[in-house]
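Q: this is a predicted model, with the sequence first.
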Amino acid sequence: MSIRKFIFCDICNPQGLRSIEFRRSTRIDERNGRRISDGRAWFEGDVINAVENGWQITPEGSHICPACQK
C-alpha cells in the first residue's frame, strides 16, 4: 500500500483544501471560466515532482504554485 502525498500552495491555498477542478477553459494558465472549484492549487506527489512541474519552494519552506509565481 502506498501513501498519497499532497502539496498545497501557501499563497492561494493556505488552508490546504483539495477539490477536483473541472475547467472548460482551453488555456492552461487561465483561472476564469466555468468551473466547480475556486482555483486553489494543490499537487499530488512529492516535493521533487512538484518542483519538476513548476512549483517553487522558498528558503522558509513555503510551497508556491506556478500560477502564484507570476
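A: Noted; the coordinates are in hand.

Q: number of nearby residues for residue 7?
A: Using other C-beta atoms under 10 Å, residue 7 is surrounded by 21 other residues. Placement of C-beta: from N, CA and C, glycine included.

Q: from the chain's centre, how far out does the helix or strand it falls within sit?
A: According to DSSP states H and E, residue 7 maps onto strand 6-8. Centroid separation for strand 6-8 versus its chain: 7 Å, with C-alpha atoms, centre = their mean, to the nearest Å.

Q: ok so residue 49 is a helix residue?
A: Yes. The assignment for residue 49 is a helix, going by DSSP: H, G, I helix; E, B strand; the rest coil.

Q: could you find the closest non-adjacent residue to it?
A: residue 43 (7.5 Å; C-beta to C-beta, 6 or more residues apart in numbering).

Q: point out where the chain drops to low pLDDT.
A: The chain contains residues with pLDDT under 70 at 20-38.

Q: and the strands in this protein, which stretches?
A: Here the chain has its strands, by DSSP state E, at 6-8, 42-44, 56-57, 63-64.

Q: for residue 18, which of those strands is the nearest?
A: Of all the strands of the chain, strand 42-44 sits nearest to residue 18, with 5.0 Å by C-beta to C-beta.

Q: now do the buried residues in that closest one.
A: 42, 43 (16 or more other C-beta atoms under 10 Å).

Q: check stretch 60-70 too.
A: 63, 64, 65, 66, 67.

Q: what's the closest of these to residue 11?
A: Closest to residue 11, out of all of the buried residues of stretch 60-70 and judged by C-beta to C-beta, is residue 64, at 5.8 Å.

Q: wait, that closest one sits on residue 7?
A: No. At 10.1 Å, residue 64 does not count as touching residue 7 under the criterion of C-beta atoms under 8 Å.
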